[in-house]
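>>> I'll drop the sequence and a predicted model, then ask my questions.
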Amino acid sequence: DNEIFKTKDQMYGKVIKLYGDSRAKILCDDCIERNCRIRGVIKRRVRIKKDDIVLVSLRDFEEEKADIIHKYSLKEIKILIKSGELKKKDLISQETNKENETETSLDIDNI
């Protein structure tokens with residue numbers, strides 16, 4: 001269904017950090033990190049975790065902030081990849097620890 005695809009003023013993003021109090025840092029598909037608020041409707045329905053793929057609604061009055069409006073299931077992520085909306089490289093995050101550099105990703109090949 002078309003509800004999973006982004007529209008104008010929306011972006012795909014990956015949760016890179018959870019702050020608590022319904023807030024998270026999201027790496028959007030335009031390579032900009034945004035502070036996002038988890039909308040109440042979503043907050044009550046699903047649990048957002050680090051590395052989840054989400055749909056964010058941009059704020060026209062605050063470019064560095066957005067609202068999380070949907071969390072994608074693995075099935076939906078597969079649909080987005082097959083349709084070309086989302087690339088596998090978007091699902092990989094580079095995280096630097098103080099001692100070493102590690103790479104984490106969703107295991108979407110086994111979907």
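In hand now; what should we look at? Just so it is clear, the model here is predicted, and its values are computed rather than measured.

>>> the helices in the protein, which residues?
40-45, 74-82 (DSSP state H).

>>> deepest of those helices, which one?
helix 74-82 (a mean of 15; mean count of other CB atoms under 10 Å). Heads up, the C-betas are built off the backbone N, CA and C, glycines and all.

>>> Please report how far Tyr19 lies from Ile26.
11 Å (CB to CB, to the nearest Å).

>>> Can you check which of the helices of the chain gets nearest to Lys14?
Comparing those by their distance to Lys14 (CB to CB), the top pick is helix 74-82, with 10.7 Å.

>>> For that closest one, name the packing helices and strands.
Here helix 74-82 touches no other helix or strand, going by 3 or more CB pairs under 8 Å, 6 or more residues apart in numbering; DSSP states H and E.

>>> what about Lys50, neighbour count?
If you count neighbours by other CB atoms under 10 Å, Lys50 ends up with 14.

>>> Can you give me the distance of the spatially closest residue to it that is not a sequence neighbour to Glu64?
With sequence-adjacent residues excluded and distances taken as CB to CB, 6 or more residues apart in numbering, Lys50 is closest to Val15, at 5.4 Å. Plainly put, Val15 is 16 Å away from Glu64 if you go by CB to CB.

>>> quick one, which of these two is more surrounded?
Val15 (21 against 10).

>>> do you know how far that one is from Tyr72?
For Val15 relative to Tyr72 (CB to CB), the value is 11 Å.

>>> same deal with Lys43?
For Lys43, the distance to Tyr72 - CB to CB - is 16 Å.

>>> ok, now Gly13?
10 Å.

>>> Equivalent analysis for Ile26, please.
Ile26 is 13 Å from Tyr72, by CB to CB.

>>> Identify the contacts common to the two.
When contacts are counted by CB atoms under 8 Å, 6 or more residues apart in numbering, Ile26 and Tyr72 have Val54 as shared neighbours.

>>> picking that back up, identify the contacts common to Val15 and Tyr72.
Contacts common to Val15 and Tyr72, judged by CB under 8 Å, 6+ apart, are 52, 54.

>>> and Tyr19, what is it in contact with?
Applying CB under 8 Å, 6+ apart, we find Tyr19 in contact with 25, 35.
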